[in-house]
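Student: Give the three-dimensional model of this entry:
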Amino acid sequence: MAIRPILVIPDARLRAVADPIIEVDDEIKTLAKDMLDTMYDAPGIGLAAPQIGVMKRIVVIDLAPEGEAPDPMVLINPEITKFGEEMQVTEEGCLSIPELFYEVERPNAVTVKYTDLDGKEVTKDAEGKLAVCIQHELDHLDGVLYIDYLSRLKRDRVIKKFDKAAKRMAG
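Tutor: Got it, this is the predicted structure:
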């Protein structure tokens, strides 16, 4: 079990675009396991590789309710192929923007295509909380954070707060 440090804004790697994974090898399987360990330890319901400083297109998600058996999903090179027409507003948070939660509007349903840990291509329809989580995590692979969906004023306030904290840590 390897718990890796989670990057926090304003770390520039959180704004970078992750590279596609060419082959599902032992290195990728170990990365997926480390990501799940890190996510569970945080605790969170989703984690993208860029959040631990690995610029690869892989995310892990587990929406199993507390006290129930884990139900992890590993999505390699995920791509949303279809968005639902209905929108929903849900409160989102992010392990890279700790302790802050804001309401974000996103499509209520998505279809996602990805490769699993066995190298098989999977197409999955998701709605509700899972659809939101998939969109949130896939955004990380393209350097997009959930605060980018907020009003400019709210987003600037969040960024300013974390910039100050980073300066205090560095100073």
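
Student: Report the contact partners of the residue nearest to the spatial centre of the chain.
Tutor: A centroid search over the chain (Cα atoms, centre = their mean) returns residue 137, at 2.7 Å, as the residue closest to the centre. Going by Cβ atoms under 8 Å, 6 or more residues apart in numbering, residue 137 touches 46, 47, 48, 59, 61, 75, 78. All C-beta atoms are positioned from the backbone trio N, CA, C, and that covers glycine.

Student: In this structure the third one contacts residue 58, no?
Tutor: Yes: Residue 48 lies in contact with residue 58 (Cβ atoms under 8 Å); the separation is 7.5 Å.

Student: Check which helices and strands the helix or strand of the chain with the lowest mean pLDDT is in contact with.
Tutor: The helix or strand of the chain with the lowest confidence, counting by mean pLDDT, DSSP states H and E, is helix 152-170 at a mean of 93. When contacts are defined as 3 or more Cβ pairs under 8 Å, 6 or more residues apart in numbering; DSSP states H and E, helix 152-170 packs onto strand 97-107.

Student: Compute the inter-axis angle for the strand it packs on and helix 152-170.
Tutor: Here the directions of strand 97-107 and helix 152-170 differ by 150 degrees (axes from the mean of the first three to the mean of the last three Cα atoms, to 10 degrees).

Student: what residues does strand 97-107 touch?
Tutor: 8-9, 83-94, 131-132, 135-136, 145-147, 149-150, 154, 158, 162.

Student: Please, where are all the strands along this structure?
Tutor: Counting by DSSP state E, one finds strands in the chain at the ranges 46-48, 58-61, 73-83, 87-94, 97-107, 109-115, 121-127.

Student: Adding distance to residue 170, mean neighbour count and mean pLDDT, write those strands out as a markdown table.
Tutor: Converted to a markdown table, these look like this (distance: least, Cβ to Cβ, whole Å; neighbours: other Cβ atoms under 10 Å; pLDDT from 0 to 100):
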| stretch | distance to residue 170 | mean neighbour count | mean pLDDT |
| --- | --- | --- | --- |
| strand 46-48 | 25 | 27 | 98 |
| strand 58-61 | 29 | 26 | 98 |
| strand 73-83 | 34 | 18 | 98 |
| strand 87-94 | 22 | 15 | 97 |
| strand 97-107 | 18 | 14 | 96 |
| strand 109-115 | 37 | 19 | 98 |
| strand 121-127 | 39 | 14 | 98 |
